[in-house]
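Undergrad: here's my sequence, what's the structure:
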Amino acid sequence: MQNGKGKIVSVNISPKKGMRKKPVEGADVLVDHGLKDDAHAADWHRQVSLLARESVDKMVAMGLKVGPGDFAENLTTSGVDLLALPIGSRLKVGAYIVLEVTQIGKECHTHCAIYRQAGDCVMPKEGIFAKVIHGGTVHAGDAIVAEG
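TA: Okay, the predicted model is just below:
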């Protein structure tokens, strides 16, 4: 995997916290907020969550029937090494959206259903979080470019 140009595989939102996100055709990404209509969107440092399709594929290889959004990530990506991005890195999504990486991984206080099924979950170790610097509309298939 490179750190250059990749793509958005899926855009995912949920109306409530604590549930898997559902893929949607597209979503408005709002400055200092996150994805419109997503339960995790707020004026805080984890406005948008990202997880690589390659990480989801690891769980599929363990026998789980999971896909984009099942790890509560807003954007499922492909082709960008998310874990290699230091905090403060910028990601350009589509033509206008700019995200700034604020956190890599997260502490999982309560083990989710996926962890209980597989004994592991990729989101706490391989998910990243960002705040919205410049908003716009994101769709599956949009380019995502790591700007370092």
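Undergrad: does residue 137 touch residue 28 like I think?
TA: Yes - when contacts are counted by CB atoms under 8 Å, residue 137 is listed as touching residue 28 (5.4 Å). For glycine as for every other residue, the C-beta is placed from the backbone atoms N, C-alpha and C.
Undergrad: now do the contacts for residue 8.
TA: Counting by CB atoms under 8 Å, 6 or more residues apart in numbering, residue 8 makes contact with 75-77, 93-94, 138-144.
Undergrad: any idea how far it lies from residue 18?
TA: Here residue 8 is placed at a distance of 24 Å from residue 18 (CB to CB, to the nearest Å).
Undergrad: then residue 128?
TA: 20 Å.
Undergrad: neighbour count: these two, which is higher?
TA: residue 128 (27 against 9; other CB atoms under 10 Å).
Undergrad: now for this protein, the helix or strand with the poorest mean pLDDT.
TA: helix 113-118 (a mean of 48; mean pLDDT, DSSP states H and E).
Undergrad: mind listing the strands for this structure?
TA: 3-13, 22-24, 26-30, 34-35, 48-52, 75-80, 90-93, 97-104, 128-134, 136-139, 143-146 (DSSP state E).
Undergrad: of these, which stretch is the most buried?
TA: strand 34-35 (a mean of 28; mean count of other CB atoms under 10 Å).
Undergrad: which one is residue 10 nearest to, not counting chain neighbours?
TA: Distances taken as CB to CB, 6 or more residues apart in numbering place residue 68 nearest to residue 10, at 3.3 Å, with adjacent residues excluded.
Undergrad: quick check: the gap between the residue positioned nearest the centre of the chain and residue 63.
TA: What sits nearest the mean C-alpha location of the chain, by CA atoms, centre = their mean, is residue 50, with 1.6 Å. Taking CB to CB as the measure, residue 50 falls 24 Å from residue 63.
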